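S.K.: make a model of this:
(chains A, B and C)
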Amino acid sequence: MLQQLFSPSVLHTLDLIGIFVFAISGALLAVRKNFDVFGIAVLAEITALGGGLFRDLIIGAVPPAAFTDLGYFVTPLLAAVLVFFLHPHVERIQVAVNVFDAAGLGLFCVVGTTKAYDYGLGLTASACLGLATAVGGGVLRDVLANEVPSLLRWDRDLYAVPAIVGAAMVALCLRFDVLNPLTSTTAAVTAFVLRLLAMRFHWRAPRAWHRRSTVSEE
Amino acid sequence: MLQQLFSPSVLHTLDLIGIFVFAISGALLAVRKNFDVFGIAVLAEITALGGGLFRDLIIGAVPPAAFTDLGYFVTPLLAAVLVFFLHPHVERIQVAVNVFDAAGLGLFCVVGTTKAYDYGLGLTASACLGLATAVGGGVLRDVLANEVPSLLRWDRDLYAVPAIVGAAMVALCLRFDVLNPLTSTTAAVTAFVLRLLAMRFHWRAPRAWHRRSTVSEE
Amino acid sequence: MLQQLFSPSVLHTLDLIGIFVFAISGALLAVRKNFDVFGIAVLAEITALGGGLFRDLIIGAVPPAAFTDLGYFVTPLLAAVLVFFLHPHVERIQVAVNVFDAAGLGLFCVVGTTKAYDYGLGLTASACLGLATAVGGGVLRDVLANEVPSLLRWDRDLYAVPAIVGAAMVALCLRFDVLNPLTSTTAAVTAFVLRLLAMRFHWRAPRAWHRRSTVSEE
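M.R.: Residues are numbered from 1 along each chain as shown, chains lettered A, B, ... in the order given. Below is the predicted model of the structure:
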């Protein structure tokens, strides 16, 4: 459906940019975990493509786009090469990386929700898969690096909530049949801006009520 | 096939109860790991739906039931809300939670085996998927929480064996064409009771022979 | 396609040997992690079948071969029983196990690439899935055992690169339409020998440039 809203080449370019920045975050974690060059490439690929892969398996779109479009495969490799040679510089521009990552988050929650809906899923399920598309790669990245997914930790700035808001806006637009380039862009930008604000002001989600910090296990 | 044996509404209600108690166990682990409210909801959803999701992907039932039935999505959220506000009370009634969890185990191994068989898998493969339906969510829960799956640890009371027994009973009934409400209920109750006995008497599975405890790595 | 190149029974026997040695490696890790007999069996199954399972889900070959061929299910159980009773002896012949594991690696990267291509994937995607078939089970094994996948660690001898070379050779043969028993055997043997050499001479992949070892996090 988004294919009808935007020109395919614009959408594809945006997709590749999102994949690239997600791959950067995977490659940087791999460097920090002391992985070798192959581990850096694997973690870049999985971070970039994992969310979409999960969505495509669930909706039955096999083989997934990640395996049919060569650009989806090559882009994370480019990110891995860049980080391999330039990682101190990439770390130094971490702020810029975070901004692009927020853009990827906004884009992917919109694309993921729309694609799931195109495959006949309900609105709630589509929004869930939009969220999964946006955050799934990061979860797989952390699981493979043997860390608690930063998505779930209370001491990280809000990451899922902006994606949930963006996906829910798309679902509402689909419900009232008003999804068009303007509304879908608005949804993506809303998620993007919310994520930027969350980083800027360190917004965090509450932990369970009456949580005694003394029994913290981490 | 179970749809023909039981009234659909009975089966659906049982399903939702099983999902609810599995979600409770996921949400409680999330609280113990100090996750935020969103992490609690995610872990509740994945613990409750992960086993069935895996089964549905394997048998090709896409989109999986977890994404087509709104009740399956909302029930874990209710469990997450409950644990978020009342977790000290929920922990206090841990025994009751464990009993319900055992009931979910018995139910899911029967439902999973039957559904896999309906999709044309062999008896052994169906029983394996029945087991995976019952225990898969808990494994995903522990992997996401960055812990060794309690399913695999020797220092936990038997959990998989009751599910294996229940799934094997269903497979035998299918083999001899005697699956009916009575026999499938018997299989579920057997798994349920075995799990209760395992908890009561701390039944454990043996470790490898000649295992020298001094080289324990955990 | 390989079915046309080799007699089915030869191919099936090779497959089962590869599954058996991968299962041994999973069972041995389970013993080292102090898992119970059931955990040993589960880790053996997942290590042996996980890579092929992932490939089959991606290419849409459901239900996967692992669930339709009883031999695929029983073989890892035999490996688990063997390790359960004889693990000190199995550890003592670790060199032999490593040689068989290298053979499994060579075999699976060829089989996986060919099967993916048979299902219509492109050459690059097929080679990726050949790699995933060969190394995926080991990654799942390490994730379930709550360890950093040894595939990604810089301090392990090259494991993925031999599989990449083998898979790429098969892809090239497919590209130029010269895949036959001779060339596919050559690819498998090349991967096998490269892995043996990597173990013998402790070949390792480089880490990121300018990586300061003092900030190692592991």
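S.K.: buried ones in the host helix or strand of A:A134?
M.R.: Following DSSP states H and E, the helix or strand that holds A:A134 is helix A:123-144. Buried positions in helix A:123-144, judged by neighbour count with 16 or more other CB atoms under 10 Å in any protein chain shown: A:123, A:125-144. Any C-beta I mention is one placed from the backbone N, CA and C, and that applies to glycine too.
S.K.: how much space between the residue nearest to A:L174 when sequence neighbours are not counted and A:G52?
M.R.: Among residues not flanking A:L174 along the chain, A:Y117 sits closest, at 5.5 Å (CB to CB, 6 or more residues apart in numbering or on different chains). For A:Y117, the distance to A:G52 equals 15 Å [CB to CB, to the nearest Å].
S.K.: now swap in A:A145 and tell me
M.R.: With distances defined as CB to CB, the gap from A:A145 to A:G52 amounts to 20 Å.
S.K.: now swap in A:I17 and tell me
M.R.: When A:I17 is compared with A:G52 (using CB to CB), they lie 14 Å apart.
S.K.: repeat that for A:F35.
M.R.: Counting by CB to CB, the separation of A:F35 from A:G52 is 23 Å.
S.K.: and if you look at A:D101?
M.R.: Using CB to CB, we find A:D101 at a distance of 16 Å from A:G52.
S.K.: over to A:L158. Which of the three states is it?
M.R.: Under DSSP: H, G, I helix; E, B strand; the rest coil, A:L158 falls in the coil class.
S.K.: what about it, how many residues nearby?
M.R.: Using other CB atoms under 10 Å in any protein chain shown, A:L158 is surrounded by 21 other residues.
S.K.: got it, and A:H89?
M.R.: With other CB under 10 Å as criterion, A:H89 counts 11.
S.K.: give me the element it is part of.
M.R.: helix A:70-92.
S.K.: list the buried residues for that helix?
M.R.: Going by neighbour count (16+ other CB under 10 Å), the buried part of helix A:70-92 is A:72-73, A:75-77, A:79-80, A:82-84, A:87, A:90.
S.K.: coming back round to it: tell me which of A:Y117 and A:G52 has more neighbours.
M.R.: In this view A:Y117 and A:G52 are compared by other CB under 10 Å, and A:G52 has more residues nearby, 28 against 23.
S.K.: test my guess that the more buried one contacts A:D69.
M.R.: No - using CB atoms under 8 Å, A:G52 and A:D69 do not qualify as a contacting pair, with a distance of 10.4 Å.
S.K.: output the contacting helices and strands for the host helix or strand of A:G106.
M.R.: Element membership of A:G106, judged by DSSP H and E, is helix A:94-118. Here helix A:94-118 is seen to pack against helix A:2-5, helix A:8-32, helix A:37-59, helix A:123-144, helix A:160-175, helix A:181-201 when contacts are counted using 3 or more CB pairs under 8 Å, 6 or more residues apart in numbering or on different chains; DSSP states H and E.
S.K.: quick one: contacts for A:I19?
M.R.: Contacts here follow CB atoms under 8 Å, 6 or more residues apart in numbering or on different chains; on that basis A:I19 touches A:48-49, A:72, A:75-76, A:104.
S.K.: could those residues go into CSV alongside pLDDT?
M.R.: Converted to CSV, the contacts of A:I19 look like this (pLDDT from 0 to 100):
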residue, pLDDT
A:A48, 95
A:L49, 95
A:Y72, 93
A:T75, 95
A:P76, 95
A:G104, 89
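S.K.: of the residues you listed, just say which sits nearest to A:S184.
M.R.: Comparing those against A:S184 with CB to CB picks out A:G104 as the nearest, at 15.4 Å.
S.K.: give me the neighbour count for the nearest residue to that closest one once chain neighbours are set aside.
M.R.: Excluding the flanking residues, the one nearest A:G104 by CB to CB, 6+ apart is A:G18, at 3.6 Å. Using other CB under 10 Å, the number of residues around A:G18 comes to 26.
S.K.: no further questions, thank you.
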